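Trainee: everything below, folded, please.
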Amino acid sequence: MIYVKPTSDIFIKYLFGKEEHKSLLLDFELFRETGRYHLGFMLRECRDPELYLTDHLVLHFLELPGLGNYNKEKQLEQWLYYLKNEGKTEGDEAMKILLKENPQISKAHEKYEAFTRDEALLDAYEAHMKWKRDYYSGIESARLEGEKIGVGKGEVIGKIRLFHEILGLSVPLSDELKEMSVEELKAMLEKVEYKWMHVKSKK
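Mentor: Prediction:
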């Protein structure tokens, strides 16, 4: 997990582009050699490690695999244990105690159970995740295509084709799009993005 203080919006937007990307929970260990699940990093000068840029920006890495059992006195460890083990709680006595003693986590567990029993929600979730995979895969394809025919123009073409595919429209041929000017392509992209936003708002 990467956590940036909420007051540091300027750093959040600069580093991650959008504020909602300030927290990332990662289920792997970056620094296994430390033997700790919680690490914090600050920005400092390369040749003078004692010189810090600011104390208002700290990147906190919370590595779930590095957490064994939890300390019941620490809320953070309770939540990390829950996130690490939810969905595989059968026979887990520590989890049973945690759910009994922590009302908030127990409520989260109830919502998780309700979610997994609702086929409509699961289908919607799977559809959303598939769209995200397809979308970012398309963005990467657009980037690679852009390297061949010019980054700016290539990415626009890739996005146009991607949105047409997502919307179930006839996908224009790359060769035809390459003949168009950048301005024409951007206008086409704006139209198809608008259609996609309109469809998404109805879901």
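Trainee: tell me how far the residue of the chain most remote from its centre lies from E155.
Mentor: Distance from the C-alpha centroid of the chain peaks at E179, with 35.6 Å (CA atoms, centre = their mean). Taking CB to CB, to the nearest Å as the measure, E179 falls 17 Å from E155. In this view, the C-beta of every residue, glycine as well, is placed from N, C-alpha and C.
Trainee: any stretches of this protein with poor pLDDT?
Mentor: Counting by pLDDT under 70, the ranges of the chain that qualify are 1-26, 89, 140-151, 200-203.
Trainee: nearest residue to F115 in space, please, no chain neighbours.
Mentor: Nearest residue to F115, sequence neighbours excluded (CB to CB, 6 or more residues apart in numbering): L121, at 5.6 Å.
Trainee: surely the one you found is within a helix?
Mentor: Yes - assigned with DSSP: H, G, I helix; E, B strand; the rest coil, L121 falls within a helix.
Trainee: what about it, neighbour count?
Mentor: L121 has 12 neighbouring residues, counting by other CB atoms under 10 Å.
Trainee: isn't it up against K111?
Mentor: No - checked against CB atoms under 8 Å, the pair L121 and K111 is beyond contact range at 10.7 Å.
Trainee: now the helices for the protein?
Mentor: Assigned by DSSP state H, the helices in the chain fall at 9-16, 75-85, 93-101, 103-117, 119-149, 151-166, 174-178, 182-202.
Trainee: am I right that P172 is in contact with L162?
Mentor: No - using CB under 8 Å, P172 makes no contact with L162, being 11.4 Å away.
Trainee: ok, those two, which is more surrounded?
Mentor: Per other CB under 10 Å, whichever of P172 and L162 has more neighbours is L162, with 22 against 15.
Trainee: so how far is E193 from the more buried one?
Mentor: For L162, the distance to E193 - CB to CB - is 10 Å.
Trainee: same check, this time on G66
Mentor: 41 Å.
Trainee: ok, S137 next?
Mentor: In terms of CB to CB, S137 sits 18 Å off from E193.
Trainee: can you get me a residue count around Y37?
Mentor: With other CB under 10 Å as criterion, Y37 counts 19.
Trainee: that one reaches L80, doesn't it?
Mentor: Yes - using CB under 8 Å, Y37 is in contact with L80, at 7.2 Å.
Trainee: per-domain residue ranges of this protein.
Mentor: What automatic domain parsing lists as the domains of the chain is 1-66, 70-117, 120-202.
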